[in-house]
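J.: Compute the structure for the input listed below.
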Amino acid sequence: MATCPVSGADVSGADVLAALERVRAFIDPRLDEALTFSGDAAPRLVEAMRYAVLAPGKRLRPALALWASSACGGSWDAAAPAAIAVELIHAYSLVHDDLPAMDDDDLRRGRPTCHRAFDEATAILCGDALQARAFEILARGLPPEVTGRACAVLGRTAGAEALVGGQQDDLAAERGWMADLASAPTATRLEWMQRINRRKTGALFLAALELGGLAAGAAADRLALLARFGRSFGEAFQIADDLLDAEGSEAAVGKRVGKDAGRGKLTLPTVVGLASARDRAVALAAEAAAAAASLGPGAEPLVGLAHWIVGRDH
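T.: Numbering: from 1, shown residues only. Got it, this is the predicted structure:
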């Protein structure tokens, strides 16, 4: 079983990046294998899928699945199908979010977005195929006794009640489809923003953790601790991401920055200001670290990640 010696509030960014690199070294060959198809698959489609998934990235969601499995006494090998599936869903969501009809981004992970590197139609089909492949990998890779629950978890996460619904409401807020939202009280705008972030970003983190725990055969109490970690971590991550958009550099972040304020997008920095947003992220990271610490020494990578996430520059 692979492990990662990261713990404590004084964890360095280098330690966490090294731990994530070990995840990448483990998961990337498996992602490559998952994106190998028979001759029946359209070559241009497969090329686009591989371009979207195998691009440079932190592999954060696979890390959460693998580290959740370790925290619950499981192995990385057992959790690999879950880690692959959540990364395929994540990649699909980015390909579709970047489309001209939605966020209209032309840079992702330091490279042209999928619809720029190929074309819009291929990007749409790429996302469709990645979502289908994720469920195929999950259904045939996990133990039969947890397969049904795992597929249900991922299905709900990827659908109208979470990932896709969050993106729809994000567009609604940005494009003025929500009457009077721009002039609503701060508390109302914060509630709507948190509702979006919980589904669009946080839900897939929670799914990665739960799937990793299920792969390890975790008991309900340990799954509950993973969920507590995931809720605080997901919100802290989103705030940190929004701070990067407000303050980061395109070279470091690997995508366009400064776009949220220009679009009138609801984020914690745009609603309450940078300083208050940063304070909230730090508090949430501490909450996440405390929840992970309750899982015991096997959760040290999750503790370190929680402390690191709010200070990252990409």
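J.: So which elements touch the longest helix along the chain?
T.: Looking only at the chain and at elements set by DSSP state H, the helix with the highest residue count is helix 220-247. Contact here means 3 or more CB pairs under 8 Å, 6 or more residues apart in numbering; DSSP states H and E; on that basis helix 220-247 packs against helix 60-71, helix 186-197, helix 203-215, helix 259-263, helix 268-272, helix 274-293, helix 300-309. C-beta here means a position set from N, CA and C on the backbone, and glycine is covered the same way.
J.: now those helices in a markdown table, with mean pLDDT and distance to Glu87?
T.: As requested, the helices and strands packed on helix 220-247 are exported to a markdown table (pLDDT from 0 to 100; distance: least, CB to CB, whole Å):
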| stretch | mean pLDDT | distance to Glu87 |
| --- | --- | --- |
| helix 60-71 | 98 | 5 |
| helix 186-197 | 87 | 20 |
| helix 203-215 | 98 | 9 |
| helix 259-263 | 58 | 24 |
| helix 268-272 | 86 | 26 |
| helix 274-293 | 94 | 21 |
| helix 300-309 | 93 | 16 |
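J.: still on that earlier bit, now do the buried residues in the longest helix of the chain.
T.: Within helix 220-247, the residues that qualify as buried by neighbour count (16 or more other CB atoms under 10 Å) are 222-223, 225-226, 228-246.
J.: show me the contacts for the residue lying closest to Arg109 once chain neighbours are set aside.
T.: In space, Arg109 comes closest to Ala55 once its chain neighbours are excluded; the distance is 4.5 Å by CB to CB, 6 or more residues apart in numbering. Residues near Ala55 by CB atoms under 8 Å, 6 or more residues apart in numbering: 108-109, 111.
J.: Helix, strand, or coil at Ala55?
T.: Applying DSSP: H, G, I helix; E, B strand; the rest coil to Ala55 yields a three-state assignment of coil.
J.: Now do it against Ala68, distance only.
T.: Here the distance between Ala55 and Ala68 works out to 24 Å (CB to CB, to the nearest Å).
J.: ditto for Ala173
T.: Relative to Ala68, Ala173 is positioned 31 Å away (criterion: CB to CB).
J.: With Ala246 instead?
T.: Plainly put, Ala246 is 30 Å away from Ala68 if you go by CB to CB.
J.: repeat for Ser183
T.: Here Ser183 is placed at a distance of 42 Å from Ala68 (CB to CB).
J.: just the helices in the stretch 51-200 of the chain please.
T.: Across the stretch 51-200 of the chain, reading from the start of the chain, the helices by DSSP state H, counting those that start in this stretch fall at 60-71, 76-97, 114-117, 120-141, 144-158, 163-174, 186-197.
J.: winner for burial among these?
T.: Comparing the helices of the stretch 51-200 of the chain by mean neighbour count (mean count of other CB atoms under 10 Å), helix 60-71 comes out on top with a mean of 29.
J.: Show me what that helix is packed against.
T.: Here helix 60-71 is seen to pack against helix 13-34, helix 76-97, helix 203-215, helix 220-247, helix 300-309 when contacts are counted using 3+ CB pairs under 8 Å, 6+ apart.
J.: quick one, which of the ones you listed is nearest to Ala42?
T.: In terms of CB to CB, the element of these nearest to Ala42 is helix 76-97, at 15.8 Å.
J.: So which elements touch that closest one?
T.: Where contact means 3+ CB pairs under 8 Å, 6+ apart, helix 76-97 is packed against helix 13-34, helix 43-53, helix 60-71, helix 120-141, helix 144-158, helix 163-174, helix 203-215.
J.: what is the orientation angle of the last one with helix 144-158?
T.: Right, the one you point to is helix 203-215. Inter-element angle recorded for helix 203-215 and helix 144-158: 180 degrees (by axes from the mean of the first three to the mean of the last three CA atoms, to 10 degrees).
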